[in-house]
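Chemist: Give the three-dimensional model of this entry:
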Amino acid sequence: MVSTPEEFAVFLKALFAGQLFTQPGTLELMEQHAPAGVDALGAGTIYAHGMLDNNGVLGHGGQTLGFESDGGYVPDKDVTIVMWSNAASSNVVRTIVPQIAGVVTGAAATGQAGQAGQAALPRFEPLDKCFADPPEGLPVDLNLDCGYVVVPESRNGGSDREVKLGITRLNSGQGTANSPLFMLAGGPGQTEASPEYFSLFQPDLLGGILAERDIVVVEQRGTEHTDPFLNCPEANSALWTAYEKGLTGDDAVDYETGIIQDCIDRFKEQGLNFDNFNSVENAADVNAVREALGYDQIIYYGASYGSQLGQHVMRDFPDILEAVVLDGAATLARKSWIEDRALDAQWGIDNLTKMCEADAKRIENYDIPALVDAALALFDNGPLPYTYTDPNDPSLTIEGEVTLDDMVNFIYGNQGSLAGIAGLPSYLSALVDGGAEAVAAFLGAQKGGTIVASRTAMKGEIALLMHMAMVCSDDPVKSADELKLDGTGRYASLFGQTVADQYVQFCSLINVKELPDSTDIPVTTDVPTLLLSGDLDVATPTFRSQEVADALPDATLVVFPGRTHVQIAGANLCAGQVMTQFVLDPTATLDTSCLAEAPVVGFVLPDGSSSKDAE
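Modeler: Predicted structure coming up:
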């Protein structure tokens, strides 16, 4: 093909501005890359399918005897660079085009200045004081060091911003001789750096690992002990401020939505690109921490979303993994964050009903499906008014309404803990017997207390904006129609709809770029993998973990009776023993005899006794 520089420039802009292909997915496919493509043609380059991201300049080039061409398009600046050269050696032009782009656009992130900055990453910056200290009286002496691992905000070019990831290392004394255990939290958006978390490293839980392996607690980009911390403090106190303003219903929702939008806009004004906060970058951060700390391989542990992140690491960086532990897992095949929510909530009620059928005392007293339906029916005539007086300040009285959604969330919330499951039938029975007045008093006390507590809440359980970016890039929610409702009853359908409405709003607000479909394929990496699951887990039921295990060639799923979501953070001693065995020797046969000592679920009866008291 014979062409001119001017025609090459027109072609490049049309291609990377999305004007060339009728199907947008074609360009997205071109931009996908394997891990081996990163820095393949020099620092800051990413070699994809038929195109090169050269420090933020998208294009390609070539050479023949005595001639070379290169060119690229800078999307955010709408600048096209084309350079032809009579050169006898290759790659001369490739280093020049990003420099020209940097001069033309005024972007220090491109060109040699950007490459020099990227070359220094990742790096470890030690701290004198850790993010959290072990609690007093902990029966183990932990040797800690802490700091930040600094990584690029984007590995796809176009930004010179850096992200600092907090790490807490529990030193074994073995240094880098053995693969460490990397531990990552769920949410997404949770942090693990807290005094309480150190309790997991007592001898009867995970402490035995420290005899041979370092343990590194890694904070994920955007969470509390990282920079930037994608928090929205005003959202945490929005319940109180909305109440102060007299806002209810849709007006209160609109007010809270505006607060979140303001937080997002504030970060964008500072130059942050939320597109860079996704599970692919998050997985690359895990590898960067490994590299910065000098380990050849790691053993990865992830809880809840951390187990989802672990599967991304397994796909993109299999060679760095000696073994993997996934605690409360679901397959990557899910395309929408909310698609299975109603199905899993229905499974929770069905599972509770089966437990009832196996418990002679309880089946005499409770009909679970009938109790759930009767509790929901108390709202058939609309919301119920309540009055709540703060016990710490009797002069403060809250007046409001409890809704059907409040009852749905109460039922679901009680399925998240063993105590909640044991008491849920009794709670529902008492509320149904007491009628609307009892429900208004009970749920009103919870709702009013939550509003009062939000007065001083500056941070929530998760980094909200990080959570939104991760969810909406990996499993985006575009419509409530993505919710699967086949075979679900009224309660499960209502719960799913509530979650769907929330995440449709979240994803509309954060408006991040969706990860390619290739990230939704179940991983099949051949690395020893241990999956931990509780048989009462309604967030990621055991059959979801089984789906992950079925796709892996070397996986072991251990199911813990009488346990809910996430085993290690729940201080499950048996899970700690099993995981310690696996981490110390991923190839050994596991001794799971401790499963026989699992707690037996006893349900609270109307007289306050337990259904298991007589057994």
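Chemist: Please point out which parts of stretch 163-174 sit buried.
Modeler: Across stretch 163-174, burial judged by 16 or more other CB atoms under 10 Å covers Val163, Lys164, Leu165, Gly166, Ile167, Thr168, Arg169, Leu170, Ser172. C-beta: built from backbone N, CA, C; applies to glycine.
Chemist: now swap in stretch 209-224 and tell me
Modeler: For stretch 209-224, the neighbour count (16+ other CB under 10 Å) marks 209-210, 212-224 as buried.
Chemist: For that stretch, output the C-alpha coordinates as CSV.
Modeler: Extracted C-alpha coordinates of stretch 209-224, given in CSV (Å, rounded to 0.1, in the frame of the first residue of the first chain):
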residue,chain,number,x,y,z
ILE,A,209,2.7,-20.0,59.2
LEU,A,210,5.2,-17.5,60.6
ALA,A,211,7.6,-20.3,61.5
GLU,A,212,8.5,-20.6,57.8
ARG,A,213,6.9,-17.8,55.8
ASP,A,214,6.5,-14.0,56.0
ILE,A,215,2.9,-12.8,56.0
VAL,A,216,2.3,-9.6,54.0
VAL,A,217,-1.0,-7.8,54.4
VAL,A,218,-1.6,-5.8,51.2
GLU,A,219,-4.0,-2.8,51.0
GLN,A,220,-5.7,-2.5,47.6
ARG,A,221,-5.5,0.7,45.6
GLY,A,222,-8.1,3.3,46.8
THR,A,223,-8.7,1.7,50.3
GLU,A,224,-8.0,3.4,53.6
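Chemist: For it, what does the pLDDT average out to?
Modeler: Mean pLDDT, computed over stretch 209-224, is 96.
Chemist: can you check stretch 291-300 too?
Modeler: Here the average pLDDT along stretch 291-300 is 97.
Chemist: which parts of it are buried?
Modeler: Glu291, Ala292, Leu293, Tyr295, Ile298, Ile299, Tyr300.
Chemist: Just give the nearest non-adjacent residue to the fifth one, would you?
Modeler: Translated: Ile298. Nearest non-adjacent residue to Ile298, counting by CB to CB, 6 or more residues apart in numbering: Phe182, 4.8 Å away.
Chemist: Run me through the strand neighbours of the helix or strand where the one you found lies, direction for each.
Modeler: Assigned by DSSP states H and E, Phe182 falls within strand 181-184. Strand 181-184 sits in its sheet next to strand 215-218 (parallel), strand 298-303 (parallel), going by DSSP bridges.
Chemist: could I have the longest one exported to PDB, CA atoms only?
Modeler: Extracted C-alpha coordinates of strand 298-303, given in PDB (Å, rounded to 0.1, in the frame of the first residue of the first chain):
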ATOM      1  CA  ILE A 298       3.900 -15.800  46.700                       C
ATOM      2  CA  ILE A 299       1.100 -17.700  48.200                       C
ATOM      3  CA  TYR A 300      -2.100 -15.700  47.700                       C
ATOM      4  CA  TYR A 301      -5.000 -15.400  50.100                       C
ATOM      5  CA  GLY A 302      -8.100 -13.500  49.300                       C
ATOM      6  CA  ALA A 303     -11.400 -13.100  51.200                       C
END
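Chemist: ok, residues contacting it?
Modeler: Residues from elsewhere that reach strand 298-303, judged by CB atoms under 8 Å, 6 or more residues apart in numbering: 179-186, 213, 216, 286, 290, 308-310, 313-314, 320-328, 566, 568-569, 579, 583, 586.
Chemist: chain center to that strand, what's the gap?
Modeler: Remark: strand 298-303 is offset 14 Å from the chain centroid, using CA atoms, centre = their mean, to the nearest Å.
Chemist: And stretch 229-247, by the same measure?
Modeler: For stretch 229-247, the distance to the chain centre is 23 Å (CA atoms, centre = their mean).
Chemist: what's the average pLDDT for that stretch?
Modeler: On average, stretch 229-247 scores 93.
Chemist: Would you mark the buried spots in that stretch?
Modeler: Buried residues in stretch 229-247 (16+ other CB under 10 Å): 229-232, 234-243, 247.
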